[in-house]
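K.L.:
sequence plus predicted model, see below.
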There are 2 protein chains.
Amino acid sequence: MTDLMTRRFPYLPLASTLLLAGLLLSTAASADSAEDAIQYRQSVFHTLAWQFSPMGAMAKGKQDYDATEFQTRAERLALLAQLPWEGFIEGSYDGDTDALSKISTDKTGFEKHAQALMDESQTLSEVAATQDFAKIREQFAATAKACKSCHQQYRAD
Amino acid sequence: MTDLMTRRFPYLPLASTLLLAGLLLSTAASADSAEDAIQYRQSVFHTLAWQFSPMGAMAKGKQDYDATEFQTRAERLALLAQLPWEGFIEGSYDGDTDALSKISTDKTGFEKHAQALMDESQTLSEVAATQDFAKIREQFAATAKACKSCHQQYRAD
């Protein structure tokens, strides 16, 4: 395995992640770019939910546990969890969105929740590789909790 | 670097990729699942386009080349390119979609195009790591061509 192959999806240090994530962006967006940002982050979460769903079905025993599929989806989730944050820009909390403007006024709290999702899903991808189903279920629940905890505070519905 | 860290985003062999991608699925979907599949693949492509856009701006000299950002987005693109295919299920070529039913009748051709996007974007992520901007621009063009070539044959607009 070449060095290039082993580092295909390196994890950026937190500082770089947040920089790219655009969480620190404070300039106001145009109406167009706000709409684009809303559509982008909703697309990421929709993609994430699609990948998440079969893992939930396996964790709950509604679908047979397939170790390869679970691991692949967990790895996808870990990457997808890094993506939505750059869509949370100033001026994008009105319009066709359930995101609360509290995200803008409580950046530290929101970033903490964003980081929790990135951390829990990363751990899930590592636990998935062990194929220890009891531990996988436990870590899946922790990841789902990270979603829920953020939604409760920063999402309208 | 642990073994777990080096293999966070392993590339599945083609057979597994296609299996997970669901390209070989031939059972008819329910109206609900067809709608879900359409929304899923559109979300993936929307996310992919958002990541693609700043790379295009850099490649065209409309935005300063940032090696770290380009590489990160290229790596994201390589993973995102693996995701949409499981959304192309039977019964999902009517309704709110530009995808042509030719995808269903010409599976071999469509899979070839899907594979081309996965391959070109994977190569882009590897070339991005070299920070050789001339080569990066060349490979970016090859990746964009893979998008366009598929759209010309399998997309209505």
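P.N.:
Perfect, I can see it now. Numbers count the residues shown, from 1 in each chain, chains lettered A, B, ... in the order given.

K.L.:
those helices in chain A, which residues are they?
P.N.:
A:3-6, A:14-21, A:31-59, A:67-80, A:102-105, A:107-130, A:133-154 (DSSP state H).

K.L.:
show me where pLDDT drops low in chain A?
P.N.:
A:1-29 (pLDDT under 70).

K.L.:
looking at the helices of chain A, which one is packed in the most?
P.N.:
helix A:67-80 (a mean of 22; mean count of other Cβ atoms under 10 Å in any protein chain shown). For glycine as for every other residue, the C-beta is placed from the backbone atoms N, C-alpha and C.

K.L.:
hey, C-alpha coordinates of that helix in PDB?
P.N.:
Output in PDB follows, covering the C-alpha atoms of helix A:67-80 (Å, rounded to 0.1, in the frame of the first residue of the first chain):
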ATOM      1  CA  ALA A  67     -20.100  -6.100   9.000                       C
ATOM      2  CA  THR A  68     -18.800  -4.900   5.600                       C
ATOM      3  CA  GLU A  69     -21.800  -2.700   4.900                       C
ATOM      4  CA  PHE A  70     -21.900  -1.300   8.400                       C
ATOM      5  CA  GLN A  71     -18.200  -0.400   8.300                       C
ATOM      6  CA  THR A  72     -18.400   1.200   4.900                       C
ATOM      7  CA  ARG A  73     -21.400   3.300   6.000                       C
ATOM      8  CA  ALA A  74     -19.700   4.200   9.200                       C
ATOM      9  CA  GLU A  75     -16.700   5.400   7.300                       C
ATOM     10  CA  ARG A  76     -18.800   7.400   5.000                       C
ATOM     11  CA  LEU A  77     -20.600   8.900   8.000                       C
ATOM     12  CA  ALA A  78     -17.300  10.000   9.600                       C
ATOM     13  CA  LEU A  79     -16.500  11.900   6.500                       C
ATOM     14  CA  LEU A  80     -19.900  13.300   5.900                       C
END
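
K.L.:
now the angle from it to helix B:67-80?
P.N.:
Relative orientation of helix A:67-80 versus helix B:67-80 (axes from the mean of the first three to the mean of the last three Cα atoms, to 10 degrees): 150 degrees.

K.L.:
tell me how far A:Lys60 lies from B:Gly87.
P.N.:
In this structure, A:Lys60 and B:Gly87 are 23 Å apart, going by Cβ to Cβ, to the nearest Å.
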